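S.K.: Could you work out the structure for the sequence below:
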Amino acid sequence: MIWRDAGDWERFRTLWHDDGRMSATWTQSPVDQFIASSRKAMAAGMSAMHFLGGQTIDLAGDRAVSQVKMTISVRGKLEGVVCDIVSSGRFYDFLERRSERWGLVFRQPIYEKDRADPIDSSARLSLDRTLLESFPEGYRHLAYFQTKLGFAVKTDLPGATGATLDALYARGAAWLAGTNVFTDA
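M.R.: Just a heads-up that it's a prediction; the model follows:
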């Protein structure tokens, strides 16, 4: 994520296999499309910073599932008030070794909690409650912001608990057992 946040797209691309896919609130796409969209957004002044923490890796032969604690931080206007929007969770990555090279096959963030804080502590932030509550708790402020910018936000991504998270874990276990879990990706 350091290379992505810095706009070092050539190095960022080296982390992925050619058929790699990215899933996030605003995109579910092949890696090259994700990079092109990210470049365009960055050129238009959009930016997100990712902070990474501890990592675990489950390894089974030439396949692995990695989990990395992460925080996504975005600064922008929410209903006219400049805010920091912060979403915390984990990156859940499917990796594979092909021709002696490890690479990402699929990245799915798990969104555990988020918040929006005005930069000016005296500012009053008033959000549309109906719109805010239409998004999952783990990324509702981030989704609200992205929706106001015109993005179509996916509303069934994994959160801290629930059936979607359980399905992701089952997919990870099947991946490690050698099953091709990406026939529908």
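S.K.: And the pLDDT at the residue of the chain positioned farthest from its centre?
M.R.: Relative to the mean C-alpha coordinate of the chain, counting by Cα atoms, centre = their mean, the farthest residue is Ser122 (30.9 Å). With respect to pLDDT, Ser122 scores 95.
S.K.: next one: Ala44
M.R.: Note on Ala44: pLDDT of 69.
S.K.: any idea how far the residue farthest from the centre of the chain is from Asp128?
M.R.: Distance, Ser122 to Asp128, using Cβ to Cβ, to the nearest Å: 22 Å. Every C-beta, even on glycine, is put in place using the N, C-alpha and C of the backbone.
S.K.: What does Ala167 show for phi and psi?
M.R.: Main-chain dihedrals, Ala167, degrees, to the nearest 10: phi -70, psi -40.
S.K.: which residue sits closest to it, ignoring its sequence neighbours?
M.R.: Excluding its sequence neighbours, the residue lying closest to Ala167 (Cβ to Cβ, 6 or more residues apart in numbering) is Pro158, at 8.0 Å.
S.K.: How about the contacts made by the one you found?
M.R.: Counting by Cβ atoms under 8 Å, 6 or more residues apart in numbering, Pro158 touches Tyr92, Gln108, Pro109, Ile110, Tyr111, Gly138, Thr164, Leu165, Ala167, Leu168.
S.K.: Swap in 7 Å and give it another go.
M.R.: Shown in contact with Pro158 (Cβ atoms under 7 Å, 6 or more residues apart in numbering): Gln108, Ile110, Thr164, Leu165, Leu168.
S.K.: nearest to Ala24, of those?
M.R.: Nearest to Ala24 among these: Gln108, at 8.5 Å, using Cβ to Cβ.
S.K.: Give me the helices and strands touching the strand or helix carrying that closest one, please.
M.R.: For Gln108, the host element (DSSP states H and E) is strand 101-118. Other elements packing on strand 101-118 under the criterion 3 or more Cβ pairs under 7 Å, 6 or more residues apart in numbering; DSSP states H and E are strand 16-23, strand 81-98, helix 140-148.
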